[in-house]
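# just to be clear, the model below is a prediction. Sequence and coordinates:
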Amino acid sequence: MKDKNNIIWTKTILSVYRYLERIAGAIDKIILQSGLGCQNVSTQNYFLNNTYAVSQKIIDLSERKVILINLKILIEDTLREIPKKDAEILILRFFDGKKVKDLCELKNLSMRTAFRKIDSAVLSFTSALIIKGYDTCKLENMLESEAWIKNVYIRFSSKNVDEIQLSKVFLAKAVTLNQSSFSSNSK
């Protein structure tokens, strides 16, 4: 079961990779809005916009961004460490969102061979992650505050799927997911 969880985490982080920069950028905008919004403090919104609450929110969002950047760097470094052909398959499949059928056409492969190459590349990436010390436990701890990534993990683990399409609505929720908990934690 541990091996299966490591593979599910690999598919999860590879699937969310293409959204990491976009979400980090959205976090920057929220931080800017929070900082600018604290100028308009009235008695009604004092508890939500006092200096401490706003600074705590900015710190929490900044820490969240650091986690996403570290995940992006981890993925890129790990891709550099696996065989080039495996990295190419993973990039096409997960970053570019190519369907297996598209991979077959691009690489002139049969369906069966394409699935084998994808599985082999995922195993190669998973092994490289484990060698770096990023097994299931480490990734769960690292990403514990990123509920949207955990939701992608749950989707992969509950279904027998190789690809998950993330909607714009899902991503919008991901950006603001922990905002209410951040503001309630800072009261």
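That came through, no problem.
# list phi and psi for Ser110.
Main-chain torsions, Ser110, degrees, to the nearest 10: phi -80, psi 160.
# show me what contacts it?
Counting by C-beta atoms under 8 Å, 6 or more residues apart in numbering, Ser110 makes contact with Cys104. (Glycine included, C-beta is placed from N, CA and C.)
# and Lys99, what pLDDT?
According to the prediction, Lys99 has pLDDT 92.
# how many residues are close by it?
By other C-beta atoms under 10 Å, 13 other residues sit near Lys99.
# now it: how far from Phe115?
The gap separating Lys99 from Phe115 is 12 Å, by C-beta to C-beta, to the nearest Å.
# same check, this time on Lys29
In this view, Lys29 and Phe115 are 40 Å apart by C-beta to C-beta.
# would you map the helices across the protein?
Assigned by DSSP state H, the helices in the chain fall at 2-37, 46-49, 51-81, 84-90, 100-107, 111-131, 136-142, 147-158, 168-176, 179-185.
# now the first one: average pLDDT?
When pLDDT is averaged along helix 2-37, the result is 84.
# angle of that helix against helix 111-131?
70 degrees (axes from the mean of the first three to the mean of the last three C-alpha atoms, to 10 degrees).
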